[in-house]
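In: My questions concern the predicted model and sequence given below.
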Amino acid sequence: MILGILQARMSSTRLPGKVLEPILGRPMLERQIERLRRARRIDRLVVATSTEAADDAIQALCVRVAVECFRGSLDDVLDRFYRAAQSAQPDHIVRLTADCPLTDPALIDHIVEFYLAGGYDYASNTLEPTYPDGLDAEVFSYRALADAWREADLPSQREHVTPFIHRQPARYRVGSFKSARDLSGLRWTVDRAEDLQLVRRVYEALFPVDPCFDTDAILGYLAANPEVAAVNSKIERNEGMLKSLTRDAEVLRARSAQDPSERYRKSEALLRRALGVIPLGSQTFSKSYTQYPLGVSPYFITHGKGSRVWDVDGNEYVDFVNGLASVNLGYCDPDVTAAVRTQLERGTIFSLASPIELEVAEELVRMVPCAEMVRFGKNGSDATAGAVRLARAYTGRERVAVCGYHGWQDWYIGSTARHKGVPQAVRDLTRTFAYNDLASLEKVLATHLGQYAAVVLEPMNVVEPARGFLEGVRELTHAHGALLVFDETITGFRFANGGAQELFGVTPDLTSLGKGLANGYPLSAVTGKADVMRLMEEIFFSFTFGGEALSLAAGLATMQKLQREPVVETLRRNGQRVLDGVRRLIESTGVGGFLSISGNPTWTFLNFKDAPSATLWEIKTLFLQEVFARGILTIGTHNMSYAHTEADVDRLLQVYGEVLPLLREAVEGPGVRRYLRCEPLEPLFRVR
Ligand SMILES: Cc1ncc(COP(=O)(O)O)c(C=O)c1O
């Protein structure tokens, strides 16, 4: 059943009482109802007005012309609509407003048919206006209306009923019904005295000839009488919407002004304590206050389950950090937990190797293209350092070319801005080259010809490899007698079961793996060609916990699940929705000047840029302040996990849908600093 709901009130701001203004002797509202009754696709029509005394007159009119009338909230029009629909329980609703006495019943039917045929949740001719203002009709499902009624919390969403739906194209299937001709410059709605004048002239000319005059007849009349069309041509479209968007901004500002330290009270107290005994207050740079602005961020998490984590203050987050991309199945994955529990009963570490080491190694050899032999470590840094030592031993050379981030150890970190404590002699051996820039690698390798042991790179991080880039790197590396090492600490078990090397079809000599190998348990691996790996017996790569069995059990369960279930496929599908949805939001909110999104769907990056009025660090800080407050955990990347649901992605997009307009307002208006309740992050250390 399709229910037409016509919203009407007496208290129009610009033309009070307009709905009862006479047009050829009958109230404007009655004229509109006359026309709407000819819409074949509307099964039932109800006028929804307010409970204000002034609107008694609307109810009286409804009684007189025998049309249903519902009375509800004056300002919360969404609530009025939902309640008007509730008793009728329609499948679909057509939203109409009582300022359109020239409404076109045939057009309404077309929009309904377009909506039904396209399987849309929402369709209208207003998203991309091509029809005269005043022929507006929106069609949407009762289910979408119920969602909006429950969840929408901004003034524009409550007042204009449908923005909650059509501004979430990632959540709802949204259709735009367009005219072949652009007639959007015409104004047939009634909001001002001039508008009413135009409509009266149209009725006077056409109604006596044919009471069912259609849009073509109106167009013909206006074309023949341009002085009538000009009566209201200077009035701007959509003034009402602009007003309520300004009110949205006020609400968002007030919301962001809530005292944040109350929300993070326990986190901040613990951080103060931690800073007394733990330098940085955290074991990992990326989890510290250097990345989470002080005063508006959580610092301590008590537990996680699936895609969610809870901080010490009890705030819940949908987590898109996921243990810095180490949790790829989700927190407390039941299969991994069960495997670890079984192993726990047998012991965690022994005086000799345990058989699970080779089970994991054999599984890894099956999954990763370059893997012929494997050694395990704990952190990604163990694996990258092991690969570099191995390459140095294999080639008898010392220099290394790097691109991306490769961990905390001297050989790599010495090449970054955070090199304090690394001997100059070690720093001199590592040189960086630029991603997607073969010439920059060529230059590095040519500077100390024949001295490079290895070229180490993340096969992809922020941007896709250009065509032929990875192949070119392999060729160049081998031409210079060096080994190619792919650092797949993040891309492994994420881009594909066999990592980026499987996805891009380029096989390196050695690979480092970590993070997603064991769904958050400490396990990493160096792997690669057997003739190189055998040299592990001659170098020293050995530590007490190398064969720690709980993490190996977690690793085995993780790899088996990756092969048994559509894990990567799911990361890609949900991640693609993030990528597309955020891209659309960036476009529709006009923040593209200082924000973009890129990366592989399973690991996407928000790229902040300086704006004329604010630095990228100020903008990023405001972004974090606002998304944390709304229960999204990210530090600018979306590290997808198998536990993320479509609803989690919807939530992310909904939150970004609120925060991005705020960023724009801050950047274009009074300045980002005015919105910050903390000092902005410092540009301390960037590696990507
Ligand atoms: C590509 C890459 N390599 C190496 C590492 C170092 O890993 P870990 O921090 O586990 O030592 C990381 C960590 O973020 C990484 O992303």
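Out: Perfect, thanks for sending it.

In: and the helix or strand encompassing Thr527, what other elements does it pack with?
Out: Element membership for Thr527 (DSSP states H and E) is strand 524-528. The helices and strands touching strand 524-528, judged by 3 or more CB pairs under 8 Å, 6 or more residues apart in numbering; DSSP states H and E, are helix 356-367, strand 373-377, helix 380-395, strand 510-513. Yep, even glycine has a C-beta here, placed from its N, CA and C like the rest.

In: These: which one's closest to the ligand?
Out: Among those, helix 380-395 comes nearest to the ligand, with 2.3 Å by CB to the nearest ligand atom.

In: Report the inter-axis angle for that closest one versus strand 524-528.
Out: 30 degrees (axes from the mean of the first three to the mean of the last three CA atoms, to 10 degrees).

In: Would you mind identifying the next helix or strand past the least confident helix or strand in the chain by mean pLDDT?
Out: Within the chain, confidence by mean pLDDT, DSSP states H and E is lowest for helix 239-256 among all helices and strands, at a mean of 61. Downstream of helix 239-256, the next assigned helix or strand under DSSP H and E is helix 260-263.

In: Quick one: residues in contact with whichever helix or strand comes after that following helix.
Out: Heading C-terminal from helix 260-263, the first helix or strand you meet, by DSSP H and E, is helix 265-277. Contacts with helix 265-277, where a contact means CB atoms under 8 Å, 6 or more residues apart in numbering, come from 261, 281-282, 289, 294-295, 297-300, 311-313.

In: what's the most distant pair in these?
Out: Across these, the longest distance by CB to CB is 19.1 Å; it joins Ser261 and Ser282.

In: who's more crowded, these two?
Out: Ser282 (19 against 14; other CB atoms under 10 Å).

In: Report the separation between that one and the ligand.
Out: The spacing between Ser282 and the ligand, counted by CB to the nearest ligand atom, to the nearest Å, is 13 Å.

In: Over to Asp133?
Out: Distance from Asp133 to the ligand, by CB to the nearest ligand atom: 53 Å.

In: Hmm, Ala8 and Leu96 touching each other?
Out: No. Checked against CB atoms under 8 Å, the pair Leu96 and Ala8 is beyond contact range at 9.3 Å.

In: Quick one: name the residues of the stretch 201-350 of the chain near the ligand.
Out: With CB under 6 Å from any ligand atom as the criterion, the stretch 201-350 of the chain comes near the ligand at residues Leu324.

In: Show me the helices in the stretch 451-600 of the chain, by range?
Out: 469-479, 499-504, 530-533, 549-564, 567-589 (DSSP state H, counting those that start in this stretch).

In: Quick one: check the second one for contact with the ligand.
Out: No. Counting by CB under 6 Å from any ligand atom, the ligand is not contacted by helix 499-504; separation bottoms out at 10.6 Å.

In: Which elements pack onto that helix?
Out: Against helix 499-504 (3+ CB pairs under 8 Å, 6+ apart) you get strand 483-487, strand 510-513.

In: deepest of those strands, which one?
Out: strand 510-513 (a mean of 30; mean count of other CB atoms under 10 Å).

In: Can you verify my assumption that Asp311 contacts His303?
Out: No. The criterion here is CB under 8 Å, and Asp311 misses it with His303 at 9.8 Å.

In: neighbour count winner among the two?
Out: Taking neighbours as other CB under 10 Å, Asp311 and His303 compare with Asp311 leading, 22 against 10.

In: Counting neighbours, what do you get for whichever residue of the stretch 451-600 of the chain sits closest to the ligand?
Out: Per CB to the nearest ligand atom, the residue of the stretch 451-600 of the chain with the smallest distance to the ligand is Thr489, at 3.5 Å. Using other CB under 10 Å, Thr489 is surrounded by 30 other residues.
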